[in-house]
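Visitor: pasting the structure only:
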């Protein structure tokens, strides 16, 4: 039987690794240009660090690691006899695989607070694991690429994150992304105005369907969720929420005039919008979207989400926001954090669909020396050494061809791997080089010159 | 209580990440220059892929992942009641964390054999996990950096791996490493000559102590292990095994003249030694070491190990060898493999001890704009945008200083992070820049020029 890998996991071929590295390096370079510093945390954390941080569903999806050795020794006989999986878990497992990068980052900040200079701008590009049901674009092992700032409440950060998204997607050649932005304070203001903070999620979920089911459909859904028609009346402008960002801000300001928090949200948004207006973006658009509510219980200020260019069917390819008490869960109060994440796997699928990996330097040798003659091996290895000293990727086909068939195999190897320069033999101290259907007789120095 | 991480794991600070990345990139660049291609495999594999591949001790040290959901449902009541941890494991855990990169690579080759062009030169730089007792330089999560070739028996590969070690350590500035080399066939030859293949490990372990306990001590130990004095007499030359590699080869050839396999090993070694003699090494030494027997049950040909430069107390910083039936465990017979590994953590400690991280570009901005005046924010952000567009790492201190104390905090931030160029304020449309104790008044263009 052929071996296999666990569902939801993947092997990456050389080409896939090269493409993924290209995306990650583009992101990392932008992170560093913007002043972010890399950290890394362990793949597994103490269970106590992770459990209870992602809700009940999250707890269920965390991969637990079995204690080493005689793990059943400490387990309760009664619970084992009852087969109480839930309660036995904590008795036989003390470690768990990282579920995201945010909670480990909060743990890192609290643990190393005395060594950190605040504000601390960190980035982290590492895999995370979730026991989710696998589907297209969703895996049990996947990379997150996060940048966060802790220890500053300045809205300058929000502006910079928008610039960062624009920089990365522009550098990836992915023009036409839309950065959607909202603010939790605006959502709170809406809740205040409609007089029902507990209905806010129902409200935004319904409003988000405006494109699909039209105004009447949305109103019907809101009424069915118990939102009163008076409340709906008060936020009428949201049903015709178009125009420029400045139009939207004016409309929101008017609508939220009775909510102090709502107006604060409008002001926050206005600062960001105005500043970006002056600084300009390269290829991304910036759009206020009041239906944006991702991680509503989590974010306390700005909320971001990035949509792929129009015409590409793909969910969000990035998201983030501000959370005013990031490290509170580990006992360090009043440290504000704001951050964004890039969805590596989805970005990969988008770039693939649009044919944007063309410029990626695939991991293959530029020059291949075929190996038809034992007596030439040493001279060829000498030449290869010189090429490599000049940073030219090159290799010798390892086995000497003892027959025509084996020679053909070597040519086929060169063709399959699409090697640009193929050296066949040595004539008068020069190398016979096949390149692009032509043949040349070159010294090592001439070959170096030609490959550059 | 301050949060913590599981024992044997580590957080990496920005400086540590930068230094580690520097080592890994140096290794990866060399791998690619030599024609190796990257692959990546999942962090966890099906338990059946890993278990039974590393011996009983290895099985014990593999981290197992608890099945998701109601994992006890399928477990045997009787075994649970007996608290039979060993047998229950396979009933409640179907996945396990990668223990090394070699077995997953073998699994990859077999699984994707139809998509691979052989000989396949792959490299892989990924973390592995072992539930070992942590100690200095030994961790429960650590990176391996492996390069292997499968599908070729040519000794050219052995030569190339020696060149590869030399290239990497030279590029890291680590001169004076010693690449020790042996061959399993020579060890088999010795066993044949002393007439006791079952005593070979005792023999090499004893011989390895020659430096410490002298010839008499070694002989005493060998006799105590049941090796006869006649056998010891036959391999006398090994007790005075010095001189050049060519001297050693001559001595081995003489000593192993009655063993066909032993002589084959001598010939293999001679080809490698002679070829390296012609091609030359930059900073590493190559030395035949007949006591080298790492993974004796595993390797079938060449055996490598790299020692740090003299004076640095550190075990081996790399190792590898040839194994004639790498993929046989997964049903693909007769595929020869040869590979080497770099010990990232130990290399890190050696470079640190020798002060060889000096050239590493630390992840910090080149230019920091202090933030003393709300009215200047927009102009400073514009300047930062221009700097970043020119790939100059730069950032704005996010919060406006409202007091002298807060201004001092910003200066302290600049000092702590050792920022080279610090912009304080704007005068006549130019920036006041502090650099190296001096002060300049510069336009953005002049600032760009100055930082280059």
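Guide: On my side now, so go ahead. Every value quoted in this text rests on a predicted model; they were computed, and no experiment measured them.
Visitor: Count the neighbours of the nearest residue to residue A:104 once chain neighbours are set aside for me.
Guide: What sits nearest to residue A:104 in space, not counting adjacent residues and going by CB to CB, 6 or more residues apart in numbering or on different chains, is residue A:41, at 4.2 Å. In this view, the C-beta of every residue, glycine as well, is placed from N, C-alpha and C. By the criterion of other CB atoms under 10 Å in any protein chain shown, residue A:41 has 22 neighbours.
Visitor: Residue A:343 now?
Guide: If you count neighbours by other CB under 10 Å, residue A:343 ends up with 22.
Visitor: Repeat that for residue A:212.
Guide: If we define neighbours as other CB under 10 Å, then residue A:212 has 8 of them.
Visitor: In terms of helix, strand or coil, where does it fall?
Guide: Three-state call for residue A:212 (DSSP: H, G, I helix; E, B strand; the rest coil): helix.
Visitor: Test my guess that the residue nearest to residue A:104 contacts residue A:102.
Guide: No: counting by CB atoms under 8 Å, residue A:41 stays clear of residue A:102, with 10.8 Å between them.
Visitor: Quick one: distance of stretch A:250-259 to the chain centre.
Guide: Centre-to-centre, stretch A:250-259 and its host chain are 35 Å apart (CA atoms, centre = their mean, to the nearest Å).
Visitor: and what of stretch A:352-372?
Guide: Offset of stretch A:352-372 from its chain centre (CA atoms, centre = their mean): 25 Å.
Visitor: ends of it, how far apart?
Guide: 39 Å (CA to CA, to the nearest Å).
Visitor: returning to what we had before: model confidence score at the residue nearest to residue A:104, please.
Guide: Note on residue A:41: pLDDT of 98.
Visitor: Tell me where the stretch 251-400 of chain A has strands.
Guide: All strands of the stretch 251-400 of chain A, identified by DSSP state E, counting those that start in this stretch, fall at A:285-288, A:302-307, A:318-323, A:337-343, A:367-369, A:394-396.
Visitor: can you tell which of these is closest to residue A:184?
Guide: Nearest to residue A:184 among the strands of the stretch 251-400 of chain A is strand A:302-307; the distance by CB to CB comes to 6.3 Å.
Visitor: residues making contact with the closest one?
Guide: For strand A:302-307, contacts defined as CB atoms under 8 Å, 6 or more residues apart in numbering or on different chains pick out A:155, A:158, A:161-162, A:165, A:169, A:177-184, A:268, A:272, A:284, A:289, A:292-295, A:316-322, A:338, A:340.
Visitor: circling back: residue contacts, the residue nearest to residue A:104?
Guide: The neighbours of residue A:41, taking CB under 8 Å, 6+ apart as the test, are A:98, A:101, A:104-105, A:107-108, A:124, A:126, B:5, B:11-12.
Visitor: Now with 7 Å, please.
Guide: By CB atoms under 7 Å, 6 or more residues apart in numbering or on different chains, the contact list for residue A:41 reads A:104, A:108, B:11.
Visitor: Could you measure from it over to residue A:332?
Guide: 16 Å (CB to CB, to the nearest Å).
Visitor: on that earlier part again, how about JSON lines for the strands of the stretch 251-400 of chain A, with mean pLDDT and distance to residue B:408 added?
Guide: What follows is the strands of the stretch 251-400 of chain A, written out as JSON lines (pLDDT from 0 to 100; distance: least, CB to CB, whole Å):
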{"stretch": "strand A:285-288", "mean pLDDT": "97", "distance to residue B:408": "36"}
{"stretch": "strand A:302-307", "mean pLDDT": "96", "distance to residue B:408": "29"}
{"stretch": "strand A:318-323", "mean pLDDT": "94", "distance to residue B:408": "27"}
{"stretch": "strand A:337-343", "mean pLDDT": "96", "distance to residue B:408": "24"}
{"stretch": "strand A:367-369", "mean pLDDT": "98", "distance to residue B:408": "59"}
{"stretch": "strand A:394-396", "mean pLDDT": "96", "distance to residue B:408": "57"}
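Visitor: what's the closest of those strands to residue B:213?
Guide: Distance to residue B:213, taken as CB to CB, is lowest for strand A:394-396 among these, at 44.2 Å.
Visitor: and the closest one, what does it pack onto?
Guide: With contacts taken as 3 or more CB pairs under 7 Å, 6 or more residues apart in numbering or on different chains; DSSP states H and E, strand A:394-396 sits against strand A:367-369, helix A:377-389.
Visitor: Can you tell me the closest non-neighbouring residue to the residue of the stretch 101-250 of chain A found nearest chain B?
Guide: Residue of the stretch 101-250 of chain A nearest chain B, by CB to the nearest CB: residue A:154 (3.7 Å). Nearest residue to residue A:154, sequence neighbours excluded (CB to CB, 6+ apart): residue B:398, at 3.7 Å.
Visitor: isn't that neighbour right next to residue A:156, touching?
Guide: Yes: between residue B:398 and residue A:156 a contact is recorded at 4.7 Å, counting by CB atoms under 7 Å.
Visitor: So which of those two has more stuff around it?
Guide: Neighbour tally, residue B:398 and residue A:156, criterion other CB under 10 Å: the higher count belongs to residue A:156, 24 against 20.
Visitor: As a check, name the ranges of all helices in the stretch 101-250 of chain A.
Guide: Along the stretch 101-250 of chain A, counting by DSSP state H, counting those that start in this stretch, helices occupy A:102-111, A:156-171, A:184-194, A:200-207, A:210-224, A:229-234, A:245-255.
Visitor: could those go into CSV alongside mean pLDDT?
Guide: Converted to CSV, those look like this (pLDDT from 0 to 100):
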stretch, mean pLDDT
helix A:102-111, 96
helix A:156-171, 98
helix A:184-194, 91
helix A:200-207, 83
helix A:210-224, 89
helix A:229-234, 88
helix A:245-255, 95
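Visitor: Adding distance to residue A:278, write those out as CSV.
Guide: As requested, the helices of the stretch 101-250 of chain A are exported to CSV (distance: least, CB to CB, whole Å):
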stretch, distance to residue A:278
helix A:102-111, 31
helix A:156-171, 10
helix A:184-194, 22
helix A:200-207, 30
helix A:210-224, 31
helix A:229-234, 34
helix A:245-255, 13
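Visitor: Show me which residues of the stretch 51-200 of chain A sit near chain B.
Guide: Applying CB under 7 Å from any CB of the partner chain, we find that the stretch 51-200 of chain A lies next to chain B at A:63-66, A:68, A:70-73, A:80-81, A:83, A:85, A:88-89, A:93, A:95, A:107-108, A:110-112, A:117, A:119, A:127, A:131, A:141, A:152, A:154, A:156-157.
Visitor: Just the buried subset of the residues you listed, please.
Guide: Neighbour counting by 16 or more other CB atoms under 10 Å in any protein chain shown classes A:63-66, A:68, A:71-72, A:80, A:85, A:88-89, A:93, A:95, A:107-108, A:110-111, A:119, A:127, A:131, A:141, A:152, A:154, A:156-157 among these as buried.
Visitor: sorry, back to before: let's see which of the residues of the stretch 51-200 of chain A next to chain B end up in strands.
Guide: Using DSSP state E, the subset of these located in strands is A:64-65, A:95, A:127, A:141.
Visitor: start to end distance for stretch A:367-380?
Guide: Stretch A:367-380 has an end-to-end distance of 11 Å (criterion: CA to CA).
Visitor: whoops, stretch A:366-385 was the one
Guide: From its first residue to its last, stretch A:366-385 covers 14 Å (CA to CA).
Visitor: buried ones in it?
Guide: Going by neighbour count (16+ other CB under 10 Å), the buried part of stretch A:366-385 is A:366-371, A:376-377, A:379-381, A:383-385.
Visitor: Same list, those residues, but as a markdown table with distance to residue B:361 please.
Guide: Putting these into a markdown table (distance: CB to CB, whole Å) gives the following:
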| residue | distance to residue B:361 |
| --- | --- |
| A:366 | 27 |
| A:367 | 30 |
| A:368 | 34 |
| A:369 | 35 |
| A:370 | 40 |
| A:371 | 40 |
| A:376 | 42 |
| A:377 | 40 |
| A:379 | 39 |
| A:380 | 36 |
| A:381 | 34 |
| A:383 | 33 |
| A:384 | 30 |
| A:385 | 29 |
